[in-house]
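Asker: After the sequence you'll find the predicted model.
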Amino acid sequence: MRGPGQRAARSDRRMSKFQALDLGLVVRGHGRHYIVEDADGQRLVCHPRGKKSDAVVGDQVRFAESGDEGVIEAVEPRRNLLFRQDEWKTKSFAANLDQLLVLVAVEPVFSESQLARALVAAEFAGIRAAIALNKTDLPGTPEARERLAPYRAMGLTVFEVALKADREGSRATLSPWLQDQRTFVLGPSGTGKSTLINLLVDNAQAQVGEISQALNSGRHTTTTTQWYWTDATRATALIDSPGFQEFGLRQIDAAALWRYMPDLREHADCRFHNCSHIHEPGCRVRAAVEAGLISASRYRIYGEILEELQRKSW
């Protein structure tokens with residue numbers, strides 16, 4: 001039987017082995033194939049050792065070159081992970097992010113429930129977030145702006161852009177916030193994510209084409225997460241993501257949900273320490289809703305998510 005000293009020595013040898021390997025950044029994955037970028041900006045197709053890999057876009061990995069390809073030996077510890085989780089599976093978006101930009105549009109009309117869920121997931125992961133309202137050249141802008149008023153009141157930054165109608169104005173609005181950050185762009189199909197990427201990334205289509213060819217994945221559609229550098233110094237990154245229909249939050253304990261909704265959290269000093277903010281007497285959250293300090297739509301969404309998280313899976 002190995003003693004503590006022998007186990008520690010074995011662990012040190014294993015760590016030294018991984019540290020001797022190249023360190024790379026996962027910029028895209030397709031099945032068991034990953035594109036890994038090394039310190040010089042060169043990209044290589046890599047495969048995980050073994051049958052399973054937990055690597056996601058944004059991960060730092062240790063890899064060894066093997067001919068024209070590489071082998072991922074280890075994933076470095078993450079500082080955060082943005083993901084969604086339903087009853088059946090977990091979908092990881094990306095790791096090691098600085099911020100999240102939720103892109104919504106005047107048309108098609110955005111789902112406030114999906115917006116709220118994305119923001120809760122970011123809050124849970126400790127990732128700061130902002131919202132960008134696109135297509136503000138369209139007539140429905142005042143109504144969309146009004147629907148986003150509760151988010152401004154919470155202290156969230158809400159940008160207004162028209163990515164096609166006012167390219168330079170939109171670039172000027174977003175670029176200072178994006179500068180020197182790794183930003184994940186999330187939003188439903190039709191909001192303008194591809195337009196945003198093409199506006200801010202000069203060689204976006206070339207990057208996609210090269211990676212698709214390397215992965216032998218055919219014509220590119222946004223079915224996987226894709227990392228883009230917007231500058232030659234590789235200081236500013238945009239991470240594009242597939243559209244989605246559902247956004248589960250099963251990773252969050254139902255009793256703690258209110259902690260990840262800043263407007264509720266501000267008023268959650270209730271009579272009972274374990275208040276659900278649904279039916280208990282002396283609930284300050286419900287009082288704040290009645291006083292107009294928390295929007296009725298935000299409180300309704302809280303109730304929907306809470307019920308979902310309390311529902312048992314059999």
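Answerer: Nice, I can see it.
Asker: Please identify which helix or strand holds Ile35.
Answerer: strand 33-37 (DSSP states H and E).
Asker: Averaged pLDDT, the following helix or strand past that strand. What do you get?
Answerer: Where DSSP H and E defines the elements, the next helix or strand beyond strand 33-37 is strand 43-48. Mean per-residue pLDDT for strand 43-48: 93.
Asker: what about the stretch 151-300 of the chain, any weak spots by pLDDT?
Answerer: 205-223 (pLDDT under 70).
Asker: how about 50 then?
Answerer: Low-confidence segments of the stretch 151-300 of the chain (pLDDT under 50): 218-222.
Asker: where along it do the helices fall?
Answerer: Here the stretch 151-300 of the chain has its helices, by DSSP state H, counting those that start in this stretch, at 167-178, 193-200, 204-215, 262-265, 284-290, 296-310.
Asker: To Gln60, which of the ones you listed lies closest?
Answerer: The closest of the helices of the stretch 151-300 of the chain to Gln60 is helix 204-215. By Cβ to Cβ, the value is 18.5 Å. Every residue, glycine included, has its C-beta placed from N, CA and C.
Asker: re earlier: which neighbouring elements make contact with the strand holding Ile35?
Answerer: strand 22-30, strand 43-48, strand 60-66, strand 69-75, helix 204-215 (3 or more Cβ pairs under 8 Å, 6 or more residues apart in numbering; DSSP states H and E).
Asker: other SSEs contacting the third one?
Answerer: With contacts defined as 3+ Cβ pairs under 8 Å, 6+ apart, the packing partners of strand 60-66 are strand 22-30, strand 33-37, strand 43-48, strand 69-75.
Asker: contacts for stretch 158-177?
Answerer: 101, 130-137, 141, 145, 148, 151-152, 157, 192, 195-196, 199-200 (Cβ atoms under 8 Å, 6 or more residues apart in numbering).
Asker: Buried among those? Make that a ChimeraX selection.
Answerer: To isolate the buried members of those in ChimeraX, using 16 or more other Cβ atoms under 10 Å:
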select :101,130,131,132,133,134,135,136,141,148,151,192,195,196,199,200
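Asker: and the contacts of stretch 158-177, which of them are in strands?
Answerer: In this view, the contacts of stretch 158-177 that belong to strands under DSSP state E are 101, 130-134, 157.
Asker: Could you save the helices of the stretch 151-300 of the chain as TSV and add columns showing distance to Phe124?
Answerer: TSV is the format used below for those (distance: least, Cβ to Cβ, whole Å):
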stretch	distance to Phe124
helix 167-178	22
helix 193-200	22
helix 204-215	30
helix 262-265	12
helix 284-290	19
helix 296-310	12
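Asker: and of those helices, who's closest to His30?
Answerer: That would be helix 204-215 among the helices of the stretch 151-300 of the chain, by Cβ to Cβ, at 4.4 Å.
Asker: and stretch 114-132, how far from the chain's centre?
Answerer: 8 Å (Cα atoms, centre = their mean, to the nearest Å).
Asker: Pull it out as PDB, backbone CA atoms only.
Answerer: Taking Å, rounded to 0.1, in the frame of the first residue of the first chain, the C-alpha atoms of stretch 114-132 are listed here in PDB:
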ATOM      1  CA  GLN A 114     -35.000  33.200 -22.100                       C
ATOM      2  CA  LEU A 115     -33.300  36.500 -21.400                       C
ATOM      3  CA  ALA A 116     -33.800  36.200 -17.700                       C
ATOM      4  CA  ARG A 117     -32.600  32.600 -17.600                       C
ATOM      5  CA  ALA A 118     -29.400  33.500 -19.500                       C
ATOM      6  CA  LEU A 119     -28.700  36.300 -17.000                       C
ATOM      7  CA  VAL A 120     -29.400  34.000 -14.000                       C
ATOM      8  CA  ALA A 121     -26.900  31.400 -15.500                       C
ATOM      9  CA  ALA A 122     -24.300  34.200 -15.900                       C
ATOM     10  CA  GLU A 123     -24.800  35.400 -12.300                       C
ATOM     11  CA  PHE A 124     -24.500  31.800 -11.000                       C
ATOM     12  CA  ALA A 125     -21.200  31.400 -12.900                       C
ATOM     13  CA  GLY A 126     -19.900  34.800 -11.700                       C
ATOM     14  CA  ILE A 127     -19.800  36.300 -15.200                       C
ATOM     15  CA  ARG A 128     -20.800  39.900 -15.700                       C
ATOM     16  CA  ALA A 129     -23.400  40.600 -18.300                       C
ATOM     17  CA  ALA A 130     -24.900  43.200 -20.600                       C
ATOM     18  CA  ILE A 131     -27.700  43.300 -23.100                       C
ATOM     19  CA  ALA A 132     -27.600  44.600 -26.600                       C
END
